[in-house]
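A.B. asks: Generate a structure from the sequence data that follows.
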Amino acid sequence: MLIKNKLVIAFVMSFLFISSCSNEMAVESSADSGSSKAYAEFMACTAGPDFNAENAMKMIGDWQKLITADSLLGAWGYVPAADTNAFGDTLWWELNWSSKEEADAEWSAWVQNEEAQAWNEEYSNVMVCDGEGRNSFDADYPIAPGTYGSTNASGYFYSEFHQCDFNEGSGRPEAEAFLPGFSNAVSNSDYSETNYSYGNYFAYKNADGSHTDSDIDFLWANFTNSKDSMDKANESFEKDVRAEMFPLFSEFASCAEVPDVYDSWTFYNSEAKDFMPDFTTRN
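C.D. replies: Predicted coordinates:
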């Protein structure tokens, strides 16, 4: 993911919240298509000296006790799974919200909340994050998790992120028109037991059309329940989907050939508020 780097600060919620996908996503949904949309924010994070699975689980458990906003739909986290990622060992949080306005209001309340600041201080050696420089996207998830297999009880999933730009004269309307055909092509291939889903993260734009804080036009993200499942999904793409869909995609956009890959966990699901991730297992 090609995101602007800013000063890493420690006032935000620590260890990875994130976009997209191990448990059922609690975002604005269409019952007919299974698709969902959200306002998404990503934050770059750095592991502290006390970063480990046990401390992170305690931290997330304590953070969940502070959540009161109905507008927070889900939270996920990404840990690099390869040394080829564009941002090296940077960790990422993703937050999904009902809207940008509600997200901004909750952030304003968070930084003034004394309990939140005490929590932040307690876990400052576990993780520091660039909350002030969080990056904004309009997220579109055309396939609901659980469509092609089951989720992991631990909250673990595997993810790929491709950095993409529109070709000259093309934009988001062309990208959105492409998605139903791609989803249909996937349904005609063998993605069984992979829990495959995907997301398009369109860089949020200001009223004048300029990007708010992203140097790319959109991210294409693929999600599965394991690395082996991602390999199977990619094999199915090459066998059944690429020949039909890639020429159509290439008409309006191009993406980096090598994706950033992550071991990922669900940290919060507004439709299953008792859920707690288990960072000690991937099952």
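A.B. asks: Distance-wise, check Cys255 relative to Asn167.
C.D. replies: 11 Å (C-beta to C-beta, to the nearest Å). Just so you know, the C-beta spots here come from the backbone N, C-alpha and C atoms, and that holds for glycine as well.
A.B. asks: Please identify which helix or strand holds Asn184.
C.D. replies: Using DSSP states H and E, Asn184 maps to helix 172-187.
A.B. asks: in a strand, that's where Cys45 is, yeah?
C.D. replies: Yes - assessed with DSSP: H, G, I helix; E, B strand; the rest coil, Cys45 lies in a strand.
A.B. asks: from memory it sits against Leu91, does it?
C.D. replies: Yes - using C-beta atoms under 8 Å, Cys45 makes contact with Leu91 at a distance of 4.1 Å.
A.B. asks: higher neighbour count, these two?
C.D. replies: A direct count of neighbours by other C-beta atoms under 10 Å for Cys45 and Leu91 places Cys45 higher, at 28 against 21.
A.B. asks: From Ser226, how far out is that one?
C.D. replies: Distance of Cys45 to Ser226, given as C-beta to C-beta: 23 Å.
A.B. asks: Check Asn85 too.
C.D. replies: Applying C-beta to C-beta, the value for Asn85 to Ser226 is 19 Å.
A.B. asks: Same check on Asp50?
C.D. replies: For Asp50, the distance to Ser226 (C-beta to C-beta) stands at 28 Å.
A.B. asks: Mind jotting down where the helices sit in this structure?
C.D. replies: 53-64, 100-110, 114-122, 172-187, 227-236, 242-250 (DSSP state H).
A.B. asks: Just the CA trace of the first one, in PDB.
C.D. replies: In PDB, the C-alpha atoms belonging to helix 53-64 read as follows (Å, rounded to 0.1, in the frame of the first residue of the first chain):
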ATOM      1  CA  ALA A  53       0.900 -12.100  21.200                       C
ATOM      2  CA  GLU A  54       0.000 -12.100  24.900                       C
ATOM      3  CA  ASN A  55       0.400  -8.400  25.500                       C
ATOM      4  CA  ALA A  56      -1.400  -7.600  22.300                       C
ATOM      5  CA  MET A  57      -4.400  -9.700  23.300                       C
ATOM      6  CA  LYS A  58      -4.600  -8.000  26.600                       C
ATOM      7  CA  MET A  59      -4.300  -4.600  25.000                       C
ATOM      8  CA  ILE A  60      -7.100  -5.400  22.500                       C
ATOM      9  CA  GLY A  61      -9.300  -6.800  25.300                       C
ATOM     10  CA  ASP A  62      -8.900  -3.600  27.300                       C
ATOM     11  CA  TRP A  63      -9.500  -1.500  24.200                       C
ATOM     12  CA  GLN A  64     -12.700  -3.200  23.400                       C
END
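A.B. asks: Where does the prediction get shaky in the stretch 151-283 of the chain?
C.D. replies: Residues of the stretch 151-283 of the chain that meet the criterion pLDDT under 70 lie in 206-214.
A.B. asks: Quick one: closest of the helices of the chain to Tyr201.
C.D. replies: When the helices of the chain are compared by C-beta to C-beta, helix 172-187 sits nearest Tyr201, at 10.8 Å.
A.B. asks: angle of that closest one against helix 242-250?
C.D. replies: Orientation check (axes from the mean of the first three to the mean of the last three C-alpha atoms, to 10 degrees): helix 172-187 against helix 242-250 gives 170 degrees.
A.B. asks: Can you spell out which helices and strands pack onto helix 172-187?
C.D. replies: If you count contacts as 3 or more C-beta pairs under 8 Å, 6 or more residues apart in numbering; DSSP states H and E, helix 172-187 packs onto strand 156-166, strand 197-203, helix 242-250.
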